[in-house]
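Chemist: model the structure of this input:
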Amino acid sequence: MGHQIEKWNIAHSFEKGQLLIAINCLAALSIFFFGYDQGMMGGVNNSKDYIDTMGFGYTKVVDGQNTPVVTDSLLQGGIVAVYYLGTLVGALMGGWTGDKVGRIKTIAFGAIWAIFGAALQCSAQNHTWMIFARLINGVGTGILNAIVPVWATETAEHKSRGQFIAIEFTLNIFGVVVAYWLEFGLSFIDNGNAAIIWRFPIAFQILPLFVLFAACWYFPESPRWLVKVGREDEARWVLGRLRGESGEDVARAESEFQDIRNSMAIENENKKTTSDSYFNIITGRGFGKLHVGRRVQLVIWLQIMQEWVGIAGVTVYAPTIFRIAGFDARKSQWISGLNNIFYM
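Modeler: Numbers count the residues shown, from 1 in each chain. Predicted structure coming up:
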């Protein structure tokens, strides 16, 4: 059965823990990109050339340092916020696409979309250009955020899923840290006046995205999706490589395979009476005793309440917040970077 999986797939070379670690390293790369993209705007918003190009303020020299003065906070905030509108659209697209064409192809699709958005951002010449570039980049990010954790959890064992997800989102914070300290280092170029101070950090995100796009084709598909589309032989083989192909591992892999088949049978039965639209998933309509609506609502509101504490605002605007508190422009940047290190 192994011959049905391409010979270049790493599942032929790795198994069990090694294969799971490889999968989660790739997933962590995507999550790192998301964290980097979140933290990136903290330094970009304080770049003199960026402020002049976007036209939402100016900088004045205070104690020998460029200090931003924002005259159009709506424009500044809008450029930042439109990215998150894009992630919402992308997340809805990513879930649907992932079910239709598979997790791996959706990851590749999201990476290419985000690369295109990042290229547009780092070459932006005005605020209109930047707004549309941020929106496009956000869609790509949303696609990746919707599908990568799903792929990682569907390949991991149930007893290690929490651990792997925790590791991945530690890389999310690491991405924020890298963005802040990279921009702090670049801020010394040409006394803070150079365009590279904001264009290079935006372009830098293309590197992990390119690696993600190039590498994802070498990884196995989700066994659950393979069962969903009727490729059961491939799903059984992938599970064998993930859980082991000797001793008790064989029985565990087969038991998990049968569990997936049974759950898919229940889902297919429910589809005869109702569709799996987003509305039905959120409300739980037509899913019987699966309690889908309750579980989805719980996840949604946990995420909403997490954002209500204001962490996203601190992540993006930390230098501005510290500057308002009385610190000079340069000190506010490195304090923000130090703050993000403590997040980890």
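
Chemist: all contacts plus neighbour counts: C-alpha atoms, from now on.
Modeler: OK.

Chemist: list the buried residues for the helix or strand Y317 falls within?
Modeler: In the assignment (DSSP states H and E), Y317 maps to helix 311-324. Buried residues in helix 311-324, counted by 16 or more other C-alpha atoms under 10 Å: 314-320, 322-323.

Chemist: and the residues you listed as CSV, adding pLDDT and distance to A124?
Modeler: Compiled in CSV, those are given as follows (pLDDT from 0 to 100; distance: C-alpha to C-alpha, whole Å):
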residue, pLDDT, distance to A124
V314, 83, 25
T315, 82, 23
V316, 83, 20
Y317, 85, 21
A318, 85, 24
P319, 85, 23
T320, 84, 23
F322, 86, 28
R323, 83, 26
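
Chemist: returning to that earlier point: how about the very next helix or strand once past the helix holding Y317: buried residues?
Modeler: The element immediately downstream of helix 311-324 (helix or strand, assigned by DSSP H and E) is helix 329-343. Residues of helix 329-343 classed as buried: 329-330, 332-337, 340-341 (neighbour count, 16+ other C-alpha under 10 Å).

Chemist: circling back to that earlier point, widest-spaced pair of the buried residues of helix 311-324?
Modeler: T315 and R323 (14.3 Å; C-alpha to C-alpha).

Chemist: quick one: the strands in the stretch 1-150 of the chain?
Modeler: With strands called from DSSP state E, counting those that start in this stretch, the stretch 1-150 of the chain shows them at 57-62, 65-70.

Chemist: quick one, phi/psi of D249?
Modeler: phi -60, psi -40 (degrees, to the nearest 10).

Chemist: that one and R241 touch, don't they?
Modeler: No. Assessed by C-alpha atoms under 8 Å, D249 is found out of contact with R241, at 9.7 Å.

Chemist: report all helices and strands that the helix-or-strand element of the chain with minimal mean pLDDT contacts.
Modeler: Lowest mean confidence among the helices and strands of the chain (mean pLDDT, DSSP states H and E): helix 278-283, at a mean of 80. On a contact count with 3 or more C-alpha pairs under 8 Å, 6 or more residues apart in numbering; DSSP states H and E, helix 278-283 meets helix 292-308.

Chemist: what's the mean pLDDT across the helix it packs on?
Modeler: Mean pLDDT, computed over helix 292-308, is 86.

Chemist: gap between it and the chain center?
Modeler: Here the centre of helix 292-308 is set off from its chain's centre by 18 Å, with C-alpha atoms, centre = their mean, to the nearest Å.

Chemist: hmm, back to that, tilt between the helix holding Y317 and strand 65-70?
Modeler: 120 degrees (axes from the mean of the first three to the mean of the last three C-alpha atoms, to 10 degrees).

Chemist: which other helices and strands does helix 311-324 contact?
Modeler: By 3+ C-alpha pairs under 8 Å, 6+ apart, helix 311-324 packs against helix 16-44, helix 329-343.
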